[in-house]
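**Q** what follows is a predicted protein model with its sequence.
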Amino acid sequence: MLTLALWFSHVENTYASDNQDSHASTSYLSQQLEQLVKTNAPDERGLYYFVLPDSHNLTEIPQDPQNPLTLEKVKLGQFLFHETALSINPSNPKHWQQASCASCHFAQAGFRSNLPLALGTGGIGVNNSRKLDPEVSYTNVDKQKILAPSILNVAFQNVMLWDGRAGSHGLNAKEQFVNNTYINRYGLSGLETVGIDGITVHKMGTAAIADIPEYQQLFAQAFPDRPFVSAEVEDKKRAGLAIAAYERTLLANQAPFQKWLKGDRKAMSASELRGGITFFKSSCVKCHAGPNLANMEFHAVGFSDHPSEINGLNLGRSSVTRKAKDDFKFKVPQLYNLSDSSPHGHGASFQTLREVVEYFNHGEPQNLASKHSGNLSIWLKPLNLNDEEIRDLTAFLETGLRDPNLERYVPERIPSGLCFPNNDPVSRKALKCGQ
Ligand code: HEC
Ligand code: HEC
């Protein structure tokens, strides 16, 4: 066991050796990484193929032509995403106006939930101490049976949810004929679809904000064609469009790797640079490519389902396409700010990012049914990374891909004046709000 003194000298040594990673050696690593990133860029943009746009540069952000981005819409959406006053249809009246979209997707957790199963209305408490209100039954809460993915960098996906069922364009254009999913009735992109549908799914509505003058003004500025009146379907639809517009601006563009791509060669440590080299040299980039490090494909990589899954099997993409070749395939997730939240994987089957790296290095599926399906990706095979490579690849994920300033996307207040992202008594106390 290390004594305290030894531990301190160990820390100093690590520092010393990091400093000794002289400028010359990091610039050599930078050159190596640059070569590899360029090799993996499919077009002449080179490094810029991987760059996330600036959040204020609305024209550079991918968008649905039916929901063009405007600053007014983004501002309204920022409020609505955090607005606990939308939560007006809880199963138990006790939970009226206590949750928001950000209950399950909040900035501090990299827009994930920091829980194996996120909790909306019916939950009490903040961050990873949020739990079921012990006074109500399970059926009275908003709890989905799958890990809440991140909302960061979602502008770079055209279909949404782990099985990709939301969204009527791109990958779903053909699937809609086979399996006309009701949530796609508006003919919009995935993000707009989930924005609108999410309001109903998460037991929300716009009735209680309709007579707040600030919202009337915000809606008029965002959608000048028609006044905001009440709880009509049309108002819910526009609330969803505004939320989607805001979500498109949530970009991890201040992460060290992003700064490095844009020319700040000192933004990453030697260990992060080495990890980046491993990432771009090994299998990872076959699926985790593009500005959000997710290529919009579906793959079976053998992760377990969440134990609460009713029949123990989530077939993933094939539940949309109805094709056996898609059994156990899930959408490739984006990789930024994952270290702000735990656990990982659609079934919450990894506690740490190092565990995920070790899993891919080992190359053996957790979910045996996926192995027998014959659909497992050919990229799930032993990678033979050594300890140092595993450590560096983990550092690349944990800190190289972590934007340290996501709080810039959180509003200082919301127009209802209620507490947010949660407004239950336990959260109010923890947030020191409305006391
Ligand atoms: C109870 C927690 C909870 C609440 C509240 C919640 N979400 Fe989610 N969200 C989830 C879960 C879980 C998933 C994954 C569901 C799936 O894939 O089947 C998800 C998925 C998403 C996705 C898809 C992301 C992707 O990469 O595919 C978007 C977008 C999203 N939510 C937006 C919202 C919006 C907007 C609201 C508010 C209207 C909201 N969420 C409220 C838990 C929640
Ligand atoms: C064949 C495509 C593919 C390859 C290769 C691949 N991944 Fe993934 N990755 C996925 C998919 C699909 C998921 C989601 C699986 C699930 O949850 O069922 C995922 C999930 C992850 C997650 C968890 C994300 C979350 O939101 O919880 C991390 C971290 C990750 N991959 C990192 C890596 C690293 C590092 C490598 C290289 C060693 C790698 N991946 C190689 C497709 C791939």
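**A** Ah, there it is. Ligands and ions are numbered 1, 2, ... in the order given.
**Q** if I pick the residue nearest to residue 94 when sequence neighbours are not counted, what's in contact with it?
**A** Nearest residue to residue 94, sequence neighbours excluded (C-beta to C-beta, 6 or more residues apart in numbering): residue 136, at 7.2 Å. Backbone N, C-alpha and C define where each C-beta goes, glycine included. Residues in contact with residue 136, defined by C-beta atoms under 8 Å, 6 or more residues apart in numbering, are 91, 92, 94, 95, 122.
**Q** then residue 67?
**A** Contact analysis of residue 67 by C-beta under 8 Å, 6+ apart lists 73, 188, 189, 192, 241, 244, 245.
**Q** please report the distance of the residue of the stretch 1-150 of the chain at minimum distance from ligand 2 from residue 65.
**A** At 5.9 Å from ligand 2, residue 149 is the closest residue in the stretch 1-150 of the chain, using C-beta to the nearest ligand atom. The gap separating residue 149 from residue 65 is 25 Å, by C-beta to C-beta, to the nearest Å.
**Q** between those two, who's got more neighbours?
**A** residue 149 (22 against 7; other C-beta atoms under 10 Å).
**Q** let me know how buried residue 434 is, in neighbour terms.
**A** Neighbour tally, residue 434, other C-beta under 10 Å: 12.
**Q** which ones are touching it?
**A** Residue 434 makes contact with 418, 419, 423, 428, according to C-beta under 8 Å, 6+ apart.
**Q** go with 7 Å
**A** 419, 428 (C-beta atoms under 7 Å, 6 or more residues apart in numbering).
**Q** so it, which of the three states?
**A** Assigned with DSSP: H, G, I helix; E, B strand; the rest coil, residue 434 falls in the coil class.
**Q** quick one: secondary structure of the residue of the stretch 1-150 of the chain closest to ligand 2?
**A** At residue 149 the chain is in coil, as set by three-state DSSP.
**Q** and for it, nearest residue in space, chain neighbours not counted?
**A** Take residue 149 and drop its neighbours on the chain: the residue closest to it by C-beta to C-beta, 6+ apart is residue 333, 5.8 Å away.
**Q** that neighbour belongs to a strand, doesn't it?
**A** No - counting by three-state DSSP, residue 333 is not part of a strand but coil.
**Q** you'd agree residue 377 is up against residue 300?
**A** Yes - look at residue 377 against residue 300 with C-beta atoms under 7 Å: they come within range, at 5.9 Å.
**Q** comparing these two, which residue is more hemmed in?
**A** Just comparing residue 377 and residue 300: by other C-beta under 10 Å the higher neighbour count belongs to residue 300, 24 against 17.
**Q** dihedrals phi and psi, the more buried one?
**A** When read as degrees, to the nearest 10, the backbone of residue 300 gives phi -100, psi 110.
**Q** give me the beta-bridge partners of it?
**A** Per DSSP bridges, the residues bridged to residue 300 are residue 376.
**Q** coming back round to it: in three-state terms, label the residue nearest to residue 94 for me.
**A** Secondary structure state of residue 136, per three-state DSSP, is coil.
**Q** measure it to residue 386 for me?
**A** Residue 136 is 50 Å from residue 386, by C-beta to C-beta.
**Q** could you do residue 245 as well?
**A** 46 Å.
**Q** those two: who's more crowded?
**A** Higher neighbour count among residue 245 and residue 386: residue 245, with 30 against 9, using other C-beta under 10 Å.
**Q** can you check the pLDDT for the residue positioned nearest the centre of the chain?
**A** By C-alpha atoms, centre = their mean, the chain has its centre lying nearest to residue 150, at 1.1 Å. On pLDDT, residue 150 comes in at 98.
**Q** what sits against it?
**A** Residue 150 makes contacts with 110, 111, 112, 334, 337, as judged by C-beta under 7 Å, 6+ apart.
**Q** out of the residues you listed, who's the most crowded?
**A** residue 111 (29 neighbours).
**Q** name the nearest residue to that residue, sequence neighbours excluded.
**A** residue 151 (4.0 Å).
**Q** ok, now residue 58?
**A** Leaving out its chain neighbours, the residue that sits closest to residue 58 by C-beta to C-beta, 6+ apart is residue 69, at 4.3 Å.
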